[in-house]
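# Following is a predicted model, sequence given first.
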Amino acid sequence: MRRFRSFISNHRFCELPGRLALALLWLPGHGPQSTPSIMAPASTPAQEIHSLSYFVLSITGGIFIVVAGLLLYAIIKFRAKDSDSEPAQIYGSTQIELAWTVVPVLIVIVLFLTTARLIFAIQDAAEPPSALNVTVIGHQFWWEFRYPKFGIVTANELHVPLSSSQDPQPTFLSLLSADVDHSFWVPQLAGKTDLIPNHPNSTWINPLQPGMYVGQCAQFCGVQHALMLLRVYVDTPEQFAAWVRNQQLPAMQDPSVAAGRQVFETQACINCHTIQGTVATGRFGPDLTHLMSRQTLAAGAMANTPANLRQWIKDPDTFKSACLMPAMQLSDQQLDQVTAYLLTLR
């Protein structure tokens with residue numbers, strides 16, 4: 001019941017019809033192979049929602065066909081004719097009145113019970129011992145992912161293990177917000193669930209196919225809401241274990257970029273960002289310890305390339321207008337040095 005009350009509080013868990021058009025949009029920075037869509041489910045919750053959507057579509061489609069057919073029949077049969085006589089008048093029909101009252105009520109009851117069954121099945125799913133727990137924190141305008149079991153903190157790109165019937169490894173997500181309302185939505189993996197300030201929420205995924213799945217914040221949260229994107233990488237158990245080992249390592253200390261590290265540590269960068277093993281312990285911005293292990297920058301706004309990274313540091317508004325990261329007003333030499341330093345953080 002706790003999870004069901006959580007669903008009631010965010011009340012947008014299965015907004016399938018209103019979100020279908022958005023699910024077919026291309027996302028900037030993700031490429032053509034990664035169009036988010038509820039029509040290609042790759043996780044148990046998404047498959048359940050997909051099945052429900054087709055069930056609802058079949059019922060509403062049937063209603064449309066019946067109503068449209070009766071309308072067409074009436075248009076053809078009772079079209080205007082060359083006659084001044086008034087047609088026979090019918091003043092009510094108990095059978096028809098009962099039909100258009102009872103049938104819609106039965107349809108609504110069926111849809112209600114089917115949807116309620118799905119909500120309980122998803123919201124009250126038991127968490128097995130093999131489950132991975134991840135804390136998701138929504139910020140304006142990026143995602144923070146914390147893996148308590150492994151001591152890992154990363155941003156914008158969530159890595160989870162592949163699950164199977166032989167080796168079930170679902171991922172249970174605790175959803176928090178650091179500022180305003182956000183909404184975690186990866187349509188191929190699960191329905192959307194809101195992140196509400198001072199109101200912990202939760203959801204889970206059980207990915208059955210490896211690959212990369214795109215999602216985004218589906219709740220308007222400010223001027224850069226449209227570029228609060230995210231990626232979920234479903235790795236094989238071996239790939240996930242290798243990723244965990246790499247993320248648990250401290251930041252690389254390369255003497256050849258010591259000048260860039262000094263610039264980073266003497267500027268306001270350390271007030272917002274963390275780099276493990278250094279004096280940078282900021283929490284306002286993303287953890288940069290393994291920045292170059294990510295494929296994108298600025299929550300999916302652009303590809304993570306040296307040129308984009310340098311321009312992002314120089315003037316974030318180039319890619320993400322009105323984002324909360326300020327331009328640091330560094331000289332060209334300092335920009336080159338800081339960029340070279342960050343490029344070593346893999």
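The structure has been received and is ready for your questions.
# only C-alpha atoms for contact and neighbour calcs from this point on.
Fine.
# Tell me where the protein has strands.
Secondary structure of the chain (DSSP state E): strands located at 132-139, 142-147, 152-155, 157-161, 171-177, 182-185, 193-195, 201-205, 211-217, 229-235, 296-297, 302-303.
# Rebuild those as JSON lines, extending it with mean neighbour count and distance to residue 62.
Formatted as JSON lines, the entries for the strands of the chain read as follows, by neighbours: other CA atoms under 10 Å; distance: least, CA to CA, whole Å:
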{"stretch": "strand 132-139", "mean neighbour count": "22", "distance to residue 62": "41"}
{"stretch": "strand 142-147", "mean neighbour count": "22", "distance to residue 62": "42"}
{"stretch": "strand 152-155", "mean neighbour count": "21", "distance to residue 62": "45"}
{"stretch": "strand 157-161", "mean neighbour count": "23", "distance to residue 62": "40"}
{"stretch": "strand 171-177", "mean neighbour count": "22", "distance to residue 62": "37"}
{"stretch": "strand 182-185", "mean neighbour count": "26", "distance to residue 62": "30"}
{"stretch": "strand 193-195", "mean neighbour count": "28", "distance to residue 62": "30"}
{"stretch": "strand 201-205", "mean neighbour count": "23", "distance to residue 62": "32"}
{"stretch": "strand 211-217", "mean neighbour count": "22", "distance to residue 62": "32"}
{"stretch": "strand 229-235", "mean neighbour count": "23", "distance to residue 62": "37"}
{"stretch": "strand 296-297", "mean neighbour count": "22", "distance to residue 62": "45"}
{"stretch": "strand 302-303", "mean neighbour count": "18", "distance to residue 62": "44"}
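# mind putting the ones you listed in JSON lines, distance to residue 55 included?
Output for these, formatted as JSON lines (distance: least, CA to CA, whole Å):
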{"stretch": "strand 132-139", "distance to residue 55": "31"}
{"stretch": "strand 142-147", "distance to residue 55": "34"}
{"stretch": "strand 152-155", "distance to residue 55": "37"}
{"stretch": "strand 157-161", "distance to residue 55": "30"}
{"stretch": "strand 171-177", "distance to residue 55": "27"}
{"stretch": "strand 182-185", "distance to residue 55": "22"}
{"stretch": "strand 193-195", "distance to residue 55": "22"}
{"stretch": "strand 201-205", "distance to residue 55": "22"}
{"stretch": "strand 211-217", "distance to residue 55": "24"}
{"stretch": "strand 229-235", "distance to residue 55": "28"}
{"stretch": "strand 296-297", "distance to residue 55": "37"}
{"stretch": "strand 302-303", "distance to residue 55": "38"}
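# Any chance of TSV for these, columns distance to residue 249 and mean pLDDT?
TSV is the format used below for those (distance: least, CA to CA, whole Å; pLDDT from 0 to 100):
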stretch	distance to residue 249	mean pLDDT
strand 132-139	19	97
strand 142-147	14	97
strand 152-155	9	96
strand 157-161	16	97
strand 171-177	23	97
strand 182-185	28	96
strand 193-195	30	95
strand 201-205	27	95
strand 211-217	24	94
strand 229-235	19	95
strand 296-297	21	94
strand 302-303	24	92
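# Of those strands, which is nearest residue 76?
strand 182-185 (47.1 Å; CA to CA).
# Quick one: distance of the closest one to the chain centre.
For strand 182-185, the distance from its own C-alpha centre to the chain's C-alpha centre is 5 Å (CA atoms, centre = their mean, to the nearest Å).
# Dump it to PDB, restricted to CA.
These are the backbone C-alpha positions of strand 182-185, laid out as PDB (Å, rounded to 0.1, in the frame of the first residue of the first chain):
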ATOM      1  CA  HIS A 182      11.300  16.400 -12.000                       C
ATOM      2  CA  SER A 183      10.100  13.100 -13.600                       C
ATOM      3  CA  PHE A 184      12.200  10.100 -14.400                       C
ATOM      4  CA  TRP A 185      11.100   8.600 -17.700                       C
END
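# Could you check the pLDDT of the residue lying closest to residue 111 once chain neighbours are set aside?
The shortest distance from residue 111 to any residue other than its chain neighbours is 7.2 Å, reached at residue 56 (CA to CA, 6 or more residues apart in numbering). With respect to pLDDT, residue 56 has a value of 95.
# is it true that residue 56 touches residue 110?
No - under the criterion of CA atoms under 8 Å, residue 56 makes no contact with residue 110, lying 9.9 Å away.
# For the nearest residue to residue 212 once chain neighbours are set aside, which residues count as its bridge partners?
Distances taken as CA to CA, 6+ apart put residue 233 closest to residue 212, at 4.5 Å, once the chain neighbours are dropped. Note on residue 233: beta-bridge partners by DSSP bridges are residue 159, residue 212.
# Do I have it right that residue 233 meets residue 157?
Yes - with contact taken as CA under 8 Å, residue 233 and residue 157 are classed as touching, separated by 7.2 Å.
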